[in-house]
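Undergrad: Build me a model from this:
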Amino acid sequence: MDAFRALADPTRREILHLLRDGPKTSGEIAEHFPTAWATVSRHLGALRDAGLILSERNGQQVVYELNTTVFQDLVDHLLDWVRPSKKGSARGSGGKHA
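TA: Purely as a prediction, here's the structure:
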């Protein structure tokens, strides 16, 4: 899943953290990082390609915001991994451990 790959990078997670407060322009995002603007732009592209953020051109600026629908899908996917199965599981089937 592209979203998990995108979330693996700490800079991308920080960008997502910044966007929790609402939409921001690429310039507003870039000013929070010591790296070149082109590097931040690549991170924004990866997040957009993974569907984690949405972008909209507003004149000469590009405004980014969280795509909360994808985050809900990710949370549901993760919860499926940790919810007990309705069928019997191999771990709880009475096998003995040495």
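
Undergrad: Help me confirm that residue 11 is found in a helix?
TA: Yes - assessed by DSSP: H, G, I helix; E, B strand; the rest coil, residue 11 belongs to a helix.

Undergrad: Can you give the contact residues for the longest helix anywhere in the chain?
TA: When the chain is scanned for its longest helix (criterion: DSSP state H), the result is helix 68-82. Here helix 68-82 makes contact (CB atoms under 8 Å, 6 or more residues apart in numbering) with 1, 3, 4, 50, 51, 52. Yep, even glycine has a C-beta here, placed from its N, CA and C like the rest.

Undergrad: who touches the third one in this structure?
TA: When the contact criterion is CB under 8 Å, 6+ apart, the partners of residue 4 are residue 74.

Undergrad: and it, what element?
TA: Using DSSP states H and E, residue 4 sits in helix 2-7.

Undergrad: Output that helix as CSV, restricted to C-alpha atoms.
TA: The C-alpha trace of helix 2-7 is given here as CSV (Å, rounded to 0.1, in the frame of the first residue of the first chain):
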residue,chain,number,x,y,z
ASP,A,2,1.5,3.3,-1.1
ALA,A,3,0.2,5.1,2.0
PHE,A,4,2.3,2.9,4.3
ARG,A,5,5.4,3.6,2.2
ALA,A,6,4.7,7.3,2.3
LEU,A,7,4.2,7.2,6.1
